[in-house]
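Engineer: Model the following, please.
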Amino acid sequence: MLHVRNVQRASGAAHQLSTCGKAPPVSAFKAILEHCRSGAGVNAGVESDGMIFWKDKAKSMTWCCCEALMDMHREQLCRCVVGCLLRDERRGRLHVRFRGARDDLERVSFYLGTYITNDQTAIAINEATSAVATTFCTSRSLPPTGATCETHLDRELLDKLTSIVEACTVDAASNEVTGVRDMSAANPTLDTAAAFPNCKFIFRDAAHASRRVLQRPWDADPVTEQLIGMVVVWKNSLGRLMHHSDQFRDWYREACEAHPGSTMSRFGNLRCAAHRFETYVTPLSRICLNLFAFFISLCAWPRVAAIHRLVKLPRCSSIQ
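Structural biologist: Numbers count the residues shown, from 1 in each chain. Reported below is the predicted structural model:
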């Protein structure tokens, strides 16, 4: 494959056109956009109208498309009179969107940017939000190799963005809620001004907030917390073992087929998404609907002592 590409680069007219210093046609930029929207990378090159744009050229064209889109968003921001930030942080990666209203009552919504941080405290989230806003207001930032353009920070646009934001939507996590409260207040210790001085309202995302409403009652009672942890929540719980082990899953499936219980469904697994508490309803409901098959599958496991050590039964002394 490398030899074929080298031959194409040496003798192909496509390579000559893409490296002769001329601007690619509009159709090539459209092909780059469609290629990126499909989720594919540009490292293998992009083909358009018989021309092949290889890795470096395709990345430069992608950067041009991104900057053109950012210029459109900056123009929309200039006409906004009020705005709201929608941000979500997970595992050190912060995503921020902007939603606002223009002077003619038209709604504006676009993506501000992403920032990677190793700290998940409220202070770190606020610093990351300020960095995203600064990067958005900086035109021609992070240019590709060989570009002759210069970066420029639009201070007026940055001041407008920080002044028109009056609300922030978060997922009801304690660090993000605290961060929103700190955004509108100055820090006398660090002698810094408020990042978003007019941010007065906190909107909680309905999906994440409802998840916490479901999860926190389980954590209120220690016996219930240990019971559900031993069954499905803990890393080495019984449900997790059945979900990740083919042998344990086969034992559970055979027990459900031999003892169907009160339902006609033949369950074959106790799967759930560990990071989404509401999905625990699947293994818990299947255990309740066919409790006998669940205990039969437990009895079929060899080396019960090893299983007890895996599920950390000493932590459940209050249940016994």
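
Engineer: can we go C-alpha only for contacts and neighbour counts from here?
Structural biologist: Noted.

Engineer: How many residues are close by residue 248?
Structural biologist: Residues near residue 248, counting by other C-alpha atoms under 10 Å, number 21.

Engineer: which stretches of the stretch 151-300 of the chain have low pLDDT?
Structural biologist: Scanning the stretch 151-300 of the chain with the threshold set as pLDDT under 70 gives 186-192, 260-266, 268, 300.

Engineer: how about residue 166, secondary structure?
Structural biologist: On the three-state scheme (DSSP: H, G, I helix; E, B strand; the rest coil), residue 166 is labelled strand.

Engineer: Okay, the residue lying closest to it once chain neighbours are set aside and residue 115: tell me how far apart.
Structural biologist: Leaving aside its sequence neighbours, residue 166 sits nearest to residue 199 (C-alpha to C-alpha, 6 or more residues apart in numbering; 3.9 Å). In this structure, residue 199 and residue 115 are 21 Å apart, going by C-alpha to C-alpha, to the nearest Å.

Engineer: higher neighbour count, those two?
Structural biologist: residue 199 (24 against 18).

Engineer: surely the more buried one meets residue 167?
Structural biologist: Yes - the pair residue 199 and residue 167 passes the contact test of C-alpha atoms under 8 Å, sitting 5.1 Å apart.

Engineer: quick one on the thing from earlier: which residues does the residue nearest to residue 166 contact?
Structural biologist: By C-alpha atoms under 8 Å, 6 or more residues apart in numbering, the contact list for residue 199 reads 165, 166, 167, 168, 180, 183, 184.

Engineer: hmm, try it at 7 Å
Structural biologist: 165, 166, 167, 184 (C-alpha atoms under 7 Å, 6 or more residues apart in numbering).

Engineer: Can you show me the strands along the stretch 201-320 of the chain?
Structural biologist: 201-204 (DSSP state E, counting those that start in this stretch).

Engineer: for it, what spans make up the helices?
Structural biologist: All helices of the stretch 201-320 of the chain, identified by DSSP state H, counting those that start in this stretch, fall at 206-220, 222-228, 238-244, 246-258, 281-289, 291-299, 304-310.

Engineer: would a markdown table of those with distance to residue 111 be doable?
Structural biologist: Supplementary listing: the helices of the stretch 201-320 of the chain in a markdown table, determined by distance: least, C-alpha to C-alpha, whole Å:
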| stretch | distance to residue 111 |
| --- | --- |
| helix 206-220 | 20 |
| helix 222-228 | 39 |
| helix 238-244 | 37 |
| helix 246-258 | 42 |
| helix 281-289 | 34 |
| helix 291-299 | 47 |
| helix 304-310 | 44 |
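
Engineer: Between those helices, which one is closest to residue 84.
Structural biologist: Among those, helix 206-220 comes nearest to residue 84, with 16.1 Å by C-alpha to C-alpha.

Engineer: give me every residue that touches the nearest residue to residue 252 once chain neighbours are set aside.
Structural biologist: Leaving out its chain neighbours, the residue that sits closest to residue 252 by C-alpha to C-alpha, 6+ apart is residue 297, at 5.0 Å. By C-alpha under 7 Å, 6+ apart, the residues touching residue 297 are 251, 252, 255.

Engineer: Spit out the contact partners of the last one.
Structural biologist: With contacts defined as C-alpha under 7 Å, 6+ apart, residue 255 is in contact with 293, 296, 297.

Engineer: count of residues packed around residue 29?
Structural biologist: Residue 29: 17 neighbours (other C-alpha under 10 Å).

Engineer: Got the phi and psi for it?
Structural biologist: Main-chain torsions, residue 29, degrees, to the nearest 10: phi -70, psi -40.

Engineer: ok, so what distance separates it from residue 185?
Structural biologist: The gap separating residue 29 from residue 185 is 44 Å, by C-alpha to C-alpha.

Engineer: Okay, the residue nearest to residue 207 when sequence neighbours are not counted and residue 86: tell me how far apart.
Structural biologist: In this structure, residue 207 finds its nearest non-sequential neighbour in residue 171, 7.8 Å apart by C-alpha to C-alpha, 6+ apart. Distance, residue 171 to residue 86, using C-alpha to C-alpha: 9 Å.

Engineer: now residue 29
Structural biologist: From residue 29 to residue 86 the distance is 30 Å (C-alpha to C-alpha).

Engineer: now swap in residue 151 and tell me
Structural biologist: Residue 151 is 26 Å from residue 86, by C-alpha to C-alpha.

Engineer: Of these two, which one has the most company?
Structural biologist: Shown here are residue 151 and residue 86; by other C-alpha under 10 Å, residue 86 has more neighbours (20 against 12).
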